[in-house]
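>>> from the sequence below, what's the structure:
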Amino acid sequence: MPVVHPSSRPELTSHVRVTFDRVREQHLLLAPEAVSVLNPTGAAILELCDGQRSVAEIVQALRGRYEHVAPGDVAQFLTRLIGKRYLEVRDA
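This is a model prediction of the structure:
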């Protein structure tokens, strides 16, 4: 399993995108031959994965939006998506 560090800078791979389905009012993660429904928190995390922000900066930004943000939960979410090759990470 890949390891996500606070200094890691995640971004979506070139073949993956996040979109909002207005009909179903759901955020979707679209990849070749796969569609995943995102909850609002997952969509917020991925919105911040631009390759510029570190995981620590993403957690800090989320704390401005939500009351309870556990860095371990964010890292676990990102790790799962890296494992599926939906995200790539640069380490600073």
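
>>> what does the helix ranked longest in the chain rub up against?
Ordering each helix of the chain by length in residues (DSSP state H) puts helix 71-83 first. Applying Cβ atoms under 8 Å, 6 or more residues apart in numbering, the external contacts of helix 71-83 come out as 1-4, 6, 8, 10, 42, 45-46, 49, 55-56, 58-59, 62, 87-89. C-beta: built from backbone N, CA, C; applies to glycine.

>>> just checking, next helix/strand downstream of it?
Toward the C-terminus, helix 71-83 is succeeded by strand 87-91 as the next helix or strand (DSSP states H and E).

>>> now do Arg53 against Glu11, distance only.
According to Cβ to Cβ, to the nearest Å, Arg53 and Glu11 sit 9 Å apart.

>>> what does Tyr86 give?
10 Å.

>>> which one's more surrounded, the two?
The neighbour count for Tyr86 versus Glu11, taken as other Cβ atoms under 10 Å, is higher for Tyr86 (23 against 17).

>>> separation between that one and Thr13?
In terms of Cβ to Cβ, Tyr86 sits 6 Å off from Thr13.

>>> any idea of the mean pLDDT in stretch 47-67?
Averaging pLDDT along stretch 47-67 gives 95.

>>> any idea how far apart the tips of it sit?
Start-to-end span of stretch 47-67 (Cα to Cα, to the nearest Å) is 18 Å.

>>> not counting sequence-adjacent ones, nearest residue to the most centrally placed residue in the chain?
Residue closest to the average C-alpha location in the chain (Cα atoms, centre = their mean): Leu46, at 3.2 Å. Nearest residue to Leu46 in three dimensions, chain neighbours excluded: Val18, at 5.0 Å (Cβ to Cβ, 6 or more residues apart in numbering).
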